[in-house]
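K.L.:
Compute the structure for the input listed below.
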Amino acid sequence: MNKGTHFIGQPMFGQLISLLDKSKILRFSHENGGEKYVKHFDAWQHLIIMLYAVIKRFDSLREITNFTTTLKAVR
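P.N.:
Numbering: from 1, shown residues only. Next up, the predicted model:
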């Protein structure tokens with residue numbers, strides 16, 4: 001089977017994430033009080049899930065929560 005020639009080798013989501021600097025995002029969140037009461041779900045995870053939801057065109061919060069619970073079940 002012939003695969004597309006425009007595929008660079010890494011999915012678009014992976015390419016987008018590789019452009020982001022996790023330490024800068026978390027530092028910005030810490031400086032603005034965004035991580036004050038965080039135990040597990042930090043700003044980086046929130047950003048990643050929201051970007052994925054936009055790319056996949058999720059229409060509701062329920063779709064996002066179903067996706068995240070599926071991720072937890074896989075781990």
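K.L.:
can you list the weak-confidence ranges in this protein?
P.N.:
Applying pLDDT under 70 to the chain flags residues 1-10, 74-75.
K.L.:
From Trp44, how far off is Met50?
P.N.:
11 Å (C-beta to C-beta, to the nearest Å). Every C-beta, even on glycine, is put in place using the N, C-alpha and C of the backbone.
K.L.:
That should have said Asn66, apologies.
P.N.:
21 Å.
K.L.:
higher neighbour count, the two?
P.N.:
The neighbour comparison of Asn66 against Trp44 (other C-beta atoms under 10 Å) goes to Trp44, with 16 against 12.
K.L.:
and the spatially closest residue to that one that is not a sequence neighbour, how far is that from Asn66?
P.N.:
Using C-beta to C-beta, 6 or more residues apart in numbering and skipping residues adjacent in sequence, the residue nearest Trp44 is Lys22, 5.3 Å away. Lys22 is 25 Å from Asn66, where distance means C-beta to C-beta.
K.L.:
Please point out which parts of the strand or helix carrying Phe67 sit buried.
P.N.:
Using DSSP states H and E, Phe67 sits in helix 61-74. Of the residues in helix 61-74, Ile64 count as buried by neighbour count, 16 or more other C-beta atoms under 10 Å.
K.L.:
And stretch 28-48, by the same measure?
P.N.:
Ser29, Asp42, Ala43, Trp44, Leu47, Ile48.
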